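A.B. asks: Please find the sequence and the predicted model below.
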Amino acid sequence: MNAIVETTPSNVRDALGRPLRDLRLSVIEACNFRCPYCMPAERVPDDYGFDAASRLSFDEIETLVRGFVRMGVTKLRITGGEPLLRKRLPELVARLTALEGLTDIALTTNGSLLALHARALREAGLHRITVSLDALDPELFRGLSGGRGDVADVLKGIEAAQGAGFDPIKLNCVVQRNVNEREVLPLVEFAREYGHVMRFIEYMDVGTCNGWQRERVVSSAELRDRIDARWPLLPLEAQYRGEVASRYGFIDGAGEVGFVSSVSEPFCGDCHRARVSADGRLYTCLFAAEGDDLRPLLSQGEQAVALRLAERWSKRADRYSELRGSPKVSRRHVEMYLVGG
Ligand code: SAM
Ligand code: SF4
Ligand code: SF4
């Protein structure tokens, strides 16, 4: 064991000087949607999903997260697949919110089952919810969910989450050229009316099965200009170093809007984030091809996890988005539905 890992793991920096502060944890690989940009129906069968036994148990997840906290992680996002398909999720959330050291626990969901679970999640202590919402138009929404989703269910879910006390709720929209561009202003209008925070995410070349084309990307700058022309905007200060979205406030005071520009303005220099799949593999970048299997360590306790993380993190040199397009970088990436965005 080297000297780095014998000292405090939270001091560890990766090869580019970045600490580990943020964990995205997938609790399930299955999903009830088949969004073409993530899990295209023609590539991923309806019954896709590891068998339940291959997923980390709640005890294993708790040990894992404790190990990350020893590494200095303070922010946790629960994701999937569709995390609300994981049975007894509020029980897991209650265990994780009880851990010392985590200051922010959020969940990303497609919202289709949120009306059923919002209250229990709030009572379990979940701090924040992000709902993906690519369109308000029912037919377009259905197509964007791979023919599986009903936007009315998602809107009910958002309403239930607000009623349960989640405030504000973030809404994520991935904008694709000539697909859902026309939904941008209606989505902003909806968010302004109900006090939600709309965030537009550039369409990314995640995974290997979504047939990504650069021409489909609508840059954040273009979207910002379009929104600014309708509702004038002012840039807001970042709330903390490494904040992923650039945020703008509406000059008329009706809230804010954010842009995640992983393609047009990569932010690898401040990337403090690790991802773990539902079967316990560690990915140090959203675009990594392989993950490290942490599961065998979990029976040895959180210190063993922290030491392995420290060792692995100290060697990390990922910065895919800054190198995108270079012939030297591999186009083989873990699928988004395994690591949750
Ligand atoms: N199923 C949940 C949901 O959709 O919110 C959580 C997992 S999903 C993988 C997390 C986020 O990744 C969603 O907001 C989704 O829109 C985003 N996403 C998936 N594929 C993407 C892509 N190719 N480019 C940009 N964002 C993507
Ligand atoms: Fe499922 Fe979310 Fe991927 Fe859509 S983006 S297929 S809802 S995991
Ligand atoms: Fe972080 Fe990798 Fe995204 Fe860069 S490309 S911001 S290193 S996850």
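C.D. replies: Arrived safely. Ligands and ions are numbered 1, 2, ... in the order given.

A.B. asks: For the rest of this, base every contact and every neighbour count on C-alpha atoms.
C.D. replies: Fine.

A.B. asks: for the stretch 51-200 of the chain, which spans come out with low pLDDT?
C.D. replies: Within the stretch 51-200 of the chain, no stretch falls below the threshold (pLDDT under 70).

A.B. asks: Distance of the residue of the stretch 101-250 of the chain found nearest ligand 3 relative to Leu187?
C.D. replies: Relative to ligand 3, the nearest point of the stretch 101-250 of the chain is Val244 (8.3 Å; C-alpha to the nearest ligand atom). Val244 sits 20 Å away from Leu187 when distances are taken as C-alpha to C-alpha, to the nearest Å.

A.B. asks: I'd guess Arg43 is in a strand, am I close?
C.D. replies: No - under DSSP: H, G, I helix; E, B strand; the rest coil, Arg43 falls outside any strand and is assigned coil.

A.B. asks: pLDDT score assigned to it?
C.D. replies: Note on Arg43: pLDDT of 92.

A.B. asks: isn't it right up against Gly211?
C.D. replies: No - the pair Arg43 / Gly211 is not scored as a contact, 10.8 Å apart, by C-alpha atoms under 8 Å.

A.B. asks: Can you name the residue of the stretch 51-200 of the chain nearest ligand 3?
C.D. replies: Arg77 (14.2 Å).

A.B. asks: ok but that residue is inside a helix, no?
C.D. replies: No - counting by three-state DSSP, Arg77 falls outside a helix, being strand.

A.B. asks: please begin residue numbering at 759 from this point
C.D. replies: Fine by me, first position is 759 from now on; the one you just mentioned is Arg835.

A.B. asks: What residues does the stretch 859-1008 of the chain have near ligand 2?
C.D. replies: By C-alpha under 6 Å from any ligand atom, the residues of the stretch 859-1008 of the chain that approach ligand 2 are Asn868.

A.B. asks: Which positions in stretch 1072-1083 come out as buried?
C.D. replies: 1072, 1074, 1076-1080 (16 or more other C-alpha atoms under 10 Å).

A.B. asks: now do stretch 812-826
C.D. replies: So, applying 16+ other C-alpha under 10 Å, buried residues of stretch 812-826: 813-816, 818-826.

A.B. asks: Mark which of these are part of helices, please.
C.D. replies: Members of the buried residues of stretch 812-826 lying in helices (criterion: DSSP state H): 816, 818-826.

A.B. asks: can you tell me which residues contact the residue nearest to Ser870 when sequence neighbours are not counted?
C.D. replies: Spatial nearest neighbour of Ser870, excluding adjacent residues (C-alpha to C-alpha, 6 or more residues apart in numbering): Val912 at 4.8 Å. By C-alpha atoms under 8 Å, 6 or more residues apart in numbering, the residues touching Val912 are 868-873, 891.

A.B. asks: Sticking with Val912, tell me its helix or strand.
C.D. replies: helix 909-922 (DSSP states H and E).

A.B. asks: And the next helix or strand past that helix?
C.D. replies: That would be, after helix 909-922 and using DSSP H and E, strand 928-933.

A.B. asks: Pull out the buried positions in that following strand.
C.D. replies: So for strand 928-933, counting by 16+ other C-alpha under 10 Å, buried means 928-933.

A.B. asks: anything in that strand near ligand 1?
C.D. replies: Yes - contact of strand 928-933 with ligand 1 (C-alpha under 6 Å from any ligand atom) involves 930, 932.

A.B. asks: ditto for stretch 969-977
C.D. replies: No - between stretch 969-977 and ligand 1, judged by C-alpha under 6 Å from any ligand atom, nothing touches; the nearest distance is 7.4 Å.

A.B. asks: Repeat that for stretch 847-855.
C.D. replies: No - taking C-alpha under 6 Å from any ligand atom as the criterion, stretch 847-855 and ligand 1 are apart, separated by no less than 13.9 Å.

A.B. asks: can you list contacts of that stretch?
C.D. replies: So stretch 847-855 is contacted by 816, 820, 823, 841, 863, 878-879, 882-884 (C-alpha under 8 Å, 6+ apart).

A.B. asks: Repeat that for stretch 1035-1044.
C.D. replies: 783-787, 812-814, 838, 964, 1031-1034, 1048-1053, 1071, 1074, 1076-1078, 1091-1092, 1094, 1096-1099.

A.B. asks: Centre of the chain to that stretch, how far?
C.D. replies: 13 Å (C-alpha atoms, centre = their mean, to the nearest Å).

A.B. asks: repeat for stretch 1063-1076
C.D. replies: 21 Å.

A.B. asks: Pick out the residue in the stretch 809-958 of the chain sitting closest to ligand 2.
C.D. replies: Gly839 (3.9 Å).

A.B. asks: Just confirm that residue is within a strand.
C.D. replies: No - membership of Gly839 in a strand is not supported by three-state DSSP, which gives coil.

A.B. asks: doesn't Cys789 make contact with it?
C.D. replies: Yes - Gly839 lies in contact with Cys789 (C-alpha under 8 Å); the separation is 4.8 Å.
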